[in-house]
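A.B. asks: compute the structure for the input listed below.
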Amino acid sequence: MDLNNFLLFAFASLMLNITPGNDMMYVASRSMGQGIKAGIVSALGITAGCMVHIAAAFVGLSAIIAKSAIAFDIIKYLGAAYLVFLGIKSILKKSSNIFKGTDEIKKESYWLIFRQGAVTNILNPKVALFFLAFFPQFINLKSGHPQNQILLLGTWFNFSGLVVNAAVAILFGKLGNWLSKSPTFIKWQEKITGLVLLALGIKVAISSRN
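C.D. replies: Model (predicted):
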């Protein structure tokens, strides 16, 4: 792969990653609800999930998802159901500690947040379809080893996404820290996070392959 082609891909990746989407909304909601660290951990989880899609593209599994409407729908609805479950769980969580300091409020473990970020990305079949549509435009068949090029492009795209999502985590984490001084926000922060996750689940469920 020549340098000019890679630089074009790097620029296109950055432009796509700064476009608001499901991953960015998830990171933002986690950051506002539990702080910058939680947002960055969720971004790392999304990055791990994205690596699964890259590996699938490397071995050709993404092509199977693209060709099979049944496989696509199964993965899509599993992902939607998982997001809806997380949303409802947050909405129904009791706010018994709303008058305590924010440091005393029970937080979800970072490992759990990491897993949730990874699973929500893995169970989004549109990521696999996106890779199949986007990567081939930058692969140079004359250079040979197209699978290795997919691995290189995917890793860079994923790194670019991690940087963007980490920035989102910092921005919304600071916003959440400022809002956490408000008892009203403390009372409703879990509900807000839950509503965002619920909306994402519905959005995934009604989305089409295109």
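A.B. asks: tell me which element Met25 falls in.
C.D. replies: Here Met25, judged by DSSP states H and E, is contained in helix 22-34.
A.B. asks: do Ala166 as well
C.D. replies: Secondary structure from DSSP H and E places Ala166 in helix 146-179.
A.B. asks: what is that helix packed up against?
C.D. replies: Packed against helix 146-179, as judged by 3 or more Cβ pairs under 8 Å, 6 or more residues apart in numbering; DSSP states H and E, are the following elements: helix 3-17, helix 22-34, helix 36-59, helix 183-206. (C-beta placed from N, C-alpha, C; glycine too.)
A.B. asks: contacting residues around stretch 120-134?
C.D. replies: 12, 16, 22-23, 26, 45-46, 48-50, 52-54, 56-57, 61-63, 65-66, 71-72, 75-76, 78-79, 82-83, 86, 150, 154, 200, 204, 207, 209 (Cβ atoms under 8 Å, 6 or more residues apart in numbering).
A.B. asks: cool, and stretch 21-34?
C.D. replies: Contacting residues not belonging to stretch 21-34 are listed as 38-39, 41-43, 46, 107-108, 113, 117, 120-121, 124, 161, 164-165, 168-173, 175-176, 179, 189-190, 192-193, 196-197, 200, 203-204 [Cβ under 8 Å, 6+ apart].
A.B. asks: out of those, which are buried?
C.D. replies: 38-39, 41-43, 46, 108, 113, 117, 120-121, 124, 161, 164-165, 168-169, 171-173, 176, 179, 189-190, 192-193, 196-197, 200, 204 (16 or more other Cβ atoms under 10 Å).
A.B. asks: for Lys93, see how far away the residue sitting nearest the centre point of the chain is.
C.D. replies: Within the chain, one residue has its C-alpha closest to the average C-alpha position: by Cα atoms, centre = their mean, that is Asp23, at 2.9 Å. If you measure Asp23 against Lys93 using Cβ to Cβ, to the nearest Å, the figure is 23 Å.
A.B. asks: need the helix or strand of this protein with the lowest average pLDDT.
C.D. replies: Using mean pLDDT, DSSP states H and E, helix 61-67 stands out as the lowest-scoring helix or strand of the chain, at a mean of 63.
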